[in-house]
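*Asks:* The following comprises the amino acid sequence and a computationally predicted model.
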Amino acid sequence: MKKFTYLAVTLLVMAGAVSCKKNADVKEPTPQPTGVMRHVTVSAAGQGTAKTSVISGGTLIWSNDDHLSIVPTAGGFDAVALDIKDGAGTSSGTFEGDIDSGIKDDTQLYGWAGGNWAYDSGAFTVNMPTTQTYAGDGLAENAYPSIGTGTISGGITLSNPFGVLCLIVKGETTDAVKSITLTSAAKNLAGEFTVNPSSTPVTVTEGSSKTITLNCTTAVALATDGVNFRIVIPAASYADKDLTVKVTKSDDTSFNVTLGATTVTASNVTKVEVEDVPATTGEAEVKAEAGVPGNKVKWVQLWKDGPKFAEFNVGATTATGESSYGGYYTWGSSYKNGNNITWKDDHNTGSGSLTGDTDTATKLWGSNWRMPSDAEFKALWENCTVAWKSASESGHGVAGRVYTGKTEGYTGNSVFFPAAGYCHNGKVNNAGSNGVYWSSTPNGSNAFFLHFLSSNQSVDYHGRYYGQSVRAVFSTY
């Protein structure tokens with residue numbers, strides 16, 4: 001078995017491609033090697049588009065370093081590689097080289113270009129790489145093979161059993177892509193394929209890997225309108241959720257996108273947009289001793305890049321009923337004040353904002369949680385629609401305010417802040433009518449807090465010794 005390796009290829013249909021048709025009663029003689037060489041020129045084109053490492057206007061074209069290999073279908077000769085003569089930069093090329101004179105101009109030939117091929121007595125295999133290398137506007141080397149039949153005089157008509165999946169990855173300009181991994185749940189995407197060059201169109205079977213990785217030698221910066229990443233895969237119809245894309249960034253973070261039904265056509269480029277869309281809802285662990293059932297709390301994000309507010313208050317175990325009020329904490333304290341609990345005024349007296357060592361949410365729920373800043377509270381009504389709900393209207397059994405995202409992608413997200421009132425000297429005041437929530441931001445010897453009634457809301461400041469609600473946000477310091 002002899003193996004020939006070249007760059008990948010695709011071409012346009014060549015009108016008038018010729019094949020020799022023999023009388024059915026006459027057997028075509030097998031060409032015999034003569035040892036005498038002659039120089040030939042062979043034209044090559046294909047179905048749709050075919051080989052290249054260059055893409056012009058979306059069409060794949062021949063390159064200056066392309067080759068065409070030919071071998072008689074009747075066997076008896078080694079394959080010969082011809083160099084490109086004309087046609088670089090177009091979809092139809094001519095190739096030249098020396099062949100044994102026993103191969104006549106009307107001899108039926110197999111021809112192929114690009115890829116890691118193996119040929120033995122009419123049997124073809126192609127080894128498609130499981131790792132392709134990003135090539136800008138081109139394709140990975142040895143990743144786009146074509147094969148077909150024809151004659152020296154009539155030319156070779158090539159077909160490509162593979163297509164190009166162009167992933168348009170959108171992201172921030174500060175992000176860069178290190179690699180993209182494409183995985184199929186049902187089909188083999190790479191590895192060794194068996195090729196039938198006599199079928200129309202050419203087909204491949206088998207394959208040995210359901211995963212292909214496109215590596216970027218140097219991380220490729222993203223753009224908000226997208227950057228093209230091209231991966232060669234078998235032409236096929238891929239079912240909904242069959243293909244999964246994993247994009248790994250230069251900082252080793254990654255995101256996954258599952259594609260819908262996708263049809264990749266032989267010798268053509270199929271474009272699919274892929275975007276990193278962070279989850280706007282989720283849940284996160286809290287300290288086991290916090291008493292939260294399951295030790296997890298749901299969080300909700302209400303606008304892009306906004307804080308991820310916990311579903312209920314610190315000190316609570318549910319978002320429903322008066323138990324959703326949670327604890328009442330002096331500023332920076334982890335001591336829960338409230339009815340039937342002895343008052344303890346141990347507020348933080350530091351000059352800076354609360355941090356992991358002094359933040360009530362962090363101390364009680366763990367390092368994944370913190371208190372919001374005053375700016376984040378002010379942004380609540382700037383980025384949300386706000387509605388006061390009575391106990392009968394809220395769906396939570398207590399009165400309070402509902403904040404609902406108002407920008408695209410967040411309009412289905414909302415969070416309820418109960419009007420839990422506040423605590424002073426061991427007594428809870430104004431529960432059901434006032435919401436008073438500490439921020440992590442100081443103001444001199446005082447501290448800022450979110451305050452709302454049924455008719456208005458504001459971010460104010462006063463003494464740190466009041467016991468007030470704390471609503472955590474999912475974050476890390």
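*Replies:* Here it is on my side, so go on.
*Asks:* Run through this protein and note the low-pLDDT ranges.
*Replies:* 1-30, 46-60, 337-343, 476-477 (pLDDT under 70).
*Asks:* need the helices for it, in chain order.
*Replies:* In the chain, the helices defined using DSSP state H lie at 360-365, 374-383, 391-394.
*Asks:* Out of those helices, which is the most enclosed?
*Replies:* helix 360-365 (a mean of 25; mean count of other C-beta atoms under 10 Å). To be clear about C-beta, it is placed using only N, CA and C from the backbone, and glycine gets the same treatment.
*Asks:* isn't residue 326 right up against residue 316?
*Replies:* Yes - using C-beta atoms under 8 Å, residue 326 is in contact with residue 316, at 3.6 Å.
*Asks:* Please report the distance of residue 276 from residue 439.
*Replies:* Computed as C-beta to C-beta, to the nearest Å, the residue 276 to residue 439 distance reads 30 Å.
*Asks:* Neighbour count for these two, which is higher?
*Replies:* residue 439 (26 against 17; other C-beta atoms under 10 Å).
*Asks:* how distant is stretch 446-463 from the center of its chain?
*Replies:* 42 Å (C-alpha atoms, centre = their mean, to the nearest Å).
*Asks:* Tell me the buried residues in that stretch?
*Replies:* 447-452, 454, 457, 459, 461-462 (16 or more other C-beta atoms under 10 Å).
*Asks:* what's the span of it, first residue to last?
*Replies:* One end of stretch 446-463 to the other measures 5 Å (C-alpha to C-alpha, to the nearest Å).
*Asks:* same deal with stretch 448-460?
*Replies:* Stretch 448-460: ends 5 Å apart by C-alpha to C-alpha.
*Asks:* How about stretch 294-305?
*Replies:* Stretch 294-305: ends 27 Å apart by C-alpha to C-alpha.
*Asks:* Spatially, what comes nearest to residue 229 if we skip its sequence neighbours?
*Replies:* residue 167 (4.7 Å; C-beta to C-beta, 6 or more residues apart in numbering).
*Asks:* Check the spacing between that neighbour and residue 240 real quick.
*Replies:* 17 Å.
*Asks:* Show me where the stretch 151-300 of the chain has its strands.
*Replies:* 155-159, 162-170, 176-184, 191-196, 203-206, 211-221, 227-234, 236-238, 243-249, 254-258, 262-264, 269-275, 281-285, 296-301 (DSSP state E, counting those that start in this stretch).
*Asks:* which strands and helices sit next to the fourth one?
*Replies:* In other words, strand 191-196. Counting by 3 or more C-beta pairs under 8 Å, 6 or more residues apart in numbering; DSSP states H and E, the packing neighbours recorded for strand 191-196 are strand 123-128, strand 203-206.
*Asks:* Highest mean neighbour count out of the ones you listed?
*Replies:* The most buried stretch of the helices and strands packed on strand 191-196, if neighbours are counted by mean count of other C-beta under 10 Å, is strand 123-128, with a mean of 20.
*Asks:* Adjacent strands (with direction) for that strand?
*Replies:* Sheet pairing of strand 123-128 (DSSP bridges) gives strand 115-120 (antiparallel), strand 191-196 (antiparallel).
*Asks:* CA atoms only: put it into CSV for me.
*Replies:* Provided in CSV are the C-alpha atoms of strand 123-128 (Å, rounded to 0.1, in the frame of the first residue of the first chain):
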residue,chain,number,x,y,z
ALA,A,123,-9.5,0.4,-2.4
PHE,A,124,-9.2,3.9,-0.9
THR,A,125,-8.9,5.1,2.7
VAL,A,126,-8.4,8.6,3.9
ASN,A,127,-7.2,9.5,7.4
MET,A,128,-8.9,12.7,8.6
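*Asks:* Now do that strand against strand 227-234, angle only.
*Replies:* 150 degrees (axes from the mean of the first three to the mean of the last three C-alpha atoms, to 10 degrees).
*Asks:* all strands for the stretch 1-150 of the chain, in order.
*Replies:* Under DSSP E, counting those that start in this stretch, the stretch 1-150 of the chain gives strands at 2-6, 9-10, 37-46, 50-51, 54-56, 59-61, 67-72, 80-86, 93-100, 109-113, 115-120, 123-128, 131-133, 146-151.
*Asks:* Partner strands of the last one, with direction?
*Replies:* So that's strand 146-151. By DSSP bridges, strand 146-151 pairs with strand 109-113 (antiparallel), strand 155-159 (antiparallel).
*Asks:* Using CSV, lay out those strands together with mean neighbour count and distance to residue 138.
*Replies:* CSV is the format used below for these (neighbours: other C-beta atoms under 10 Å; distance: least, C-beta to C-beta, whole Å):
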stretch, mean neighbour count, distance to residue 138
strand 109-113, 27, 15
strand 155-159, 26, 19
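*Asks:* picking up where we left off before, who's in contact with the residue nearest to residue 229?
*Replies:* Going by C-beta atoms under 8 Å, 6 or more residues apart in numbering, residue 167 touches 180, 182, 228-231, 245, 272, 274.
*Asks:* And for residue 232?
*Replies:* By C-beta under 8 Å, 6+ apart, the neighbours of residue 232 are 8, 128, 132, 139-140, 143-144, 162-165.
*Asks:* gap between it and residue 177?
*Replies:* From residue 232 to residue 177 the distance is 18 Å (C-beta to C-beta).
*Asks:* Reformat the strands paired with strand 123-128 into TSV and put distance to residue 288 and mean neighbour count next to each item.
*Replies:* As requested, these are exported to TSV (distance: least, C-beta to C-beta, whole Å; neighbours: other C-beta atoms under 10 Å):
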stretch	distance to residue 288	mean neighbour count
strand 115-120	55	20
strand 191-196	47	18
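*Asks:* Relative to residue 349, which of the ones you listed is closest?
*Replies:* strand 191-196 (66.7 Å; C-beta to C-beta).
*Asks:* tell me how far the closest one is from the chain's mean position?
*Replies:* 28 Å.
*Asks:* Now for residue 333, how many residues are close by?
*Replies:* 23.
*Asks:* and if you look at residue 412?
*Replies:* Residue 412: 10 neighbours (other C-beta under 10 Å).
*Asks:* For it, list the residues it contacts.
*Replies:* By C-beta under 8 Å, 6+ apart, the neighbours of residue 412 are residue 405.
*Asks:* From residue 44, how far out is it?
*Replies:* Distance from residue 412 to residue 44, by C-beta to C-beta: 55 Å.
*Asks:* shouldn't residue 431 be in contact with residue 325?
*Replies:* Yes - using C-beta under 8 Å, residue 431 makes contact with residue 325 at a distance of 6.7 Å.
*Asks:* Who has more neighbours out of those two?
*Replies:* residue 325 (23 against 20).
*Asks:* Please tell me how far that one sits from residue 470.
*Replies:* From residue 325 to residue 470 the distance is 11 Å (C-beta to C-beta).
*Asks:* Which neighbours do the two have in common?
*Replies:* 313, 315.
*Asks:* mind listing what residue 281 touches?
*Replies:* 298-301, 413.
*Asks:* hmm, 6 Å instead?
*Replies:* Residues near residue 281 by C-beta atoms under 6 Å, 6 or more residues apart in numbering: residue 300.
*Asks:* Please name the bridge partners of it.
*Replies:* residue 300.
*Asks:* What is the neighbour count of residue 114?
*Replies:* 33.
*Asks:* looking at it, it is touching residue 143, isn't it?
*Replies:* No - counting by C-beta atoms under 6 Å, residue 114 stays clear of residue 143, with 8.0 Å between them.
*Asks:* Alright, that wraps it up for me.
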